[in-house]
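**Q** heads up, no residue letters with this:
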């Protein structure tokens, strides 16, 4: 509840109850294909990215822009195989650029516990009640969540 009180603008005390919470498992996923017939995946529908390093925030709009360029050419009747090119290039970009960089970001935080403690949320988890301290340790232990 203490995190909500710091983040939400409202009169104090906040009249709310946390009913359920869970830890986020930091991971990356990539769809086996970004295209099936006329349906195309973009952004996190195509490739789920962990939030460390904010790579997911930038790749979705880049996917959208790349797809818009292809649609314009397809609608003009100049090419029909551009959706395949889009799907292959964006999957390759995720696999060869985004995923390795995100993995390095994750490993960097995991391998240096001092970096973990620079994050306000993880610092709060580690310095709070025993319950929250036990949750926070997953972020800094090498065998844990990161």
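**A** Received, thanks. This structure is a prediction, so every number in the text was calculated from the model and none was measured.
**Q** by mean pLDDT, which helix or strand of the protein comes out lowest?
**A** When each helix and strand of the chain is scored by mean pLDDT, DSSP states H and E, helix 130-140 comes last, with a mean of 52.
**Q** residues contacting residue 65?
**A** Neighbour list for residue 65: empty [criterion: Cβ atoms under 8 Å, 6 or more residues apart in numbering]. C-betas here are computed from N, CA, C, even on glycine.
**Q** now the element after the helix or strand harbouring it, going C-ward?
**A** Assigning secondary structure by DSSP states H and E places residue 65 in helix 55-75. Next helix or strand after helix 55-75 toward the C-terminus (DSSP H and E): helix 82-93.
**Q** check which helices and strands that next one is in contact with.
**A** strand 35-36, strand 39-40, helix 55-75 (3 or more Cβ pairs under 8 Å, 6 or more residues apart in numbering; DSSP states H and E).
**Q** now the ones you listed in TSV, with distance to residue 95 and mean pLDDT?
**A** Below are the helices and strands packed on helix 82-93 laid out as TSV (distance: least, Cβ to Cβ, whole Å; pLDDT from 0 to 100):
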stretch	distance to residue 95	mean pLDDT
strand 35-36	15	90
strand 39-40	17	89
helix 55-75	12	85
